[in-house]
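Student: missing the sequence, but the structure's below:
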């Protein structure tokens, strides 16, 4: 029974290799996107520290900035 699932009447090699390729591709894209997000967050926060206090209070009022700064 387990052999039928693995071999799938001779098509198992193609099915499982496609599944593995897709899974590895999704994991790669997730890791790359998460890394880029952390990089962009650091850039944003560093630029935020360099702004004068007046602009910081204006930025904190923005919805996106509130979401980002909530994690800090």
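Tutor: Yes, it's here. Just so it is clear, the structure is predicted and the values come from calculations on it, not from any experiment. Numbering: from 1, shown residues only.
Student: helices and strands around whichever strand or helix holds residue 27, which ones?
Tutor: Element membership for residue 27, per DSSP states H and E: helix 12-50. Packing contacts for helix 12-50, counted by 3 or more Cβ pairs under 8 Å, 6 or more residues apart in numbering; DSSP states H and E, involve helix 63-69. Just so you know, the C-beta spots here come from the backbone N, C-alpha and C atoms, and that holds for glycine as well.
Student: Swap in 10 Å and give it another go.
Tutor: helix 2-7, helix 53-60, helix 63-69 (3 or more Cβ pairs under 10 Å, 6 or more residues apart in numbering; DSSP states H and E).
Student: now that helix: mean pLDDT?
Tutor: On average, the pLDDT along helix 12-50 is 93.
Student: what's the distance between it and the middle of its chain?
Tutor: Taking Cα atoms, centre = their mean, to the nearest Å, one finds helix 12-50 lying 5 Å from the centre of the chain it belongs to.
Student: cool, and stretch 38-53?
Tutor: Distance of stretch 38-53 from the chain centroid (Cα atoms, centre = their mean) equals 20 Å.
Student: Next, the buried residues of it.
Tutor: Within stretch 38-53, no residue is scored as buried using 16 or more other Cβ atoms under 10 Å.
Student: now swap in stretch 23-34 and tell me
Tutor: Buried residues in stretch 23-34 (16+ other Cβ under 10 Å): none.
Student: So residue 50 versus residue 43, what's the distance?
Tutor: Taking Cβ to Cβ, to the nearest Å as the measure, residue 50 falls 11 Å from residue 43.
Student: Hmm, I typed the wrong one, I wanted residue 8.
Tutor: 48 Å.
Student: With residue 2 instead?
Tutor: In terms of Cβ to Cβ, residue 2 sits 50 Å off from residue 43.
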